[in-house]
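**Student:** Return atomic coordinates for the entry below.
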Amino acid sequence: MSISSRFTVGVHILALIELNKEGISSSEFLAGSVNTNPTLIRKIMGMLKKAGLIEVQPGIAGAKLAKEPSYITLLNVYKAVDVVQEKELFSMHQNPHPDCLVGRNIQDSITPVLSAAQIAMEKALENVTIEDIAKDIVEKEKLKIQY
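**Tutor:** Numbers count the residues shown, from 1 in each chain. I've put the predicted structure just below:
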C-alpha cells in the first residue's frame, strides 16, 4: 500500500497552474498533463479549493493559485487532499491475539516509532513549497534541453 496518488496529482496540478500563469489551466488541460480523466482532476481541484490553495470560478474555465506559491507547502497539499486522517499515516492492525507475547505488546512497541516517522515526513513536506517544485521543474527541463 502507498499514500494515495491524490497527493502527487495535487502537487502536479499546483505546479502546472503556477508554470502556466499566462494560460488557462482548465481541468481538461491539467488532465492532459497528468494523463488522467478531467473528472478526477476536478475532484482534486475541489479539495484544493476547499483548502484555500486555488481559486476557480463557476462557468469560467481555468484555475489560479489562491496565494503565492512560496506560501503553499507540500504539507498543505498533503492535508488538503485527505491522504490520511490526522496522526494515522500508519494503520495499526486491530485485535492482535492477547495470549501471544507479540500480540499483547506490538501496538505499544511500534506506535511511538510510527508516530515519529509521520512527524518527520510531515516536517519534510512542510519545508518544500510549490515555488520550490516549480523552480526545480524548470531547472530539470533546462538540463534536458541542453543534452
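**Student:** Would you mind listing where the protein has pLDDT under the threshold?
**Tutor:** Confidence mapping of the chain against pLDDT under 70 gives the ranges 1-3, 85-87, 147.
**Student:** Just give the closest residue to L19, not the sequence neighbours.
**Tutor:** Among residues not flanking L19 along the chain, A134 sits closest, at 5.5 Å (Cβ to Cβ, 6 or more residues apart in numbering). For glycine as for every other residue, the C-beta is placed from the backbone atoms N, C-alpha and C.
**Student:** Quick check: the one you found touching E18?
**Tutor:** Yes: with contact defined as Cβ atoms under 8 Å, A134 reaches E18; the gap is 4.6 Å.
**Student:** Can you pull the residues that touch both of these two?
**Tutor:** Residues touching both A134 and E18 (Cβ atoms under 8 Å, 6 or more residues apart in numbering): P69.
**Student:** What strands line up against the strand ranked longest in the chain, and which way round?
**Tutor:** For the chain, the longest strand by residue count, based on DSSP state E, is strand 60-65. Counting by DSSP bridges, the strands paired with strand 60-65 are strand 54-57 (antiparallel).
**Student:** Check what contacts the partner strand and list those residues.
**Tutor:** I13, L14, I17, M45, L48, K49, G62, A63, K64, L65, A66.
**Student:** and with 7 Å instead?
**Tutor:** Applying Cβ atoms under 7 Å, 6 or more residues apart in numbering, the external contacts of strand 54-57 come out as I17, M45, L48, K49, A63, K64, L65, A66.
**Student:** And the one helix or strand the first one maps to, how far out from the chain middle?
**Tutor:** When you say that, I think you mean I17. Assigned by DSSP states H and E, I17 falls within helix 6-19. Taking Cα atoms, centre = their mean, to the nearest Å, one finds the center of helix 6-19 at 8 Å from the center of the full chain.
**Student:** the inter-axis angle of it versus strand 60-65?
**Tutor:** Interaxial angle, helix 6-19 versus strand 60-65 (axes from the mean of the first three to the mean of the last three Cα atoms, to 10 degrees): 100 degrees.
**Student:** Helix or strand next in line after helix 6-19, which one?
**Tutor:** Next along the chain after helix 6-19, with elements defined by DSSP H and E, is helix 27-34.
**Student:** which parts of that following helix are buried?
**Tutor:** Neighbour-count burial for helix 27-34, counted by 16 or more other Cβ atoms under 10 Å, picks out S27, F29, L30, A31, V34.
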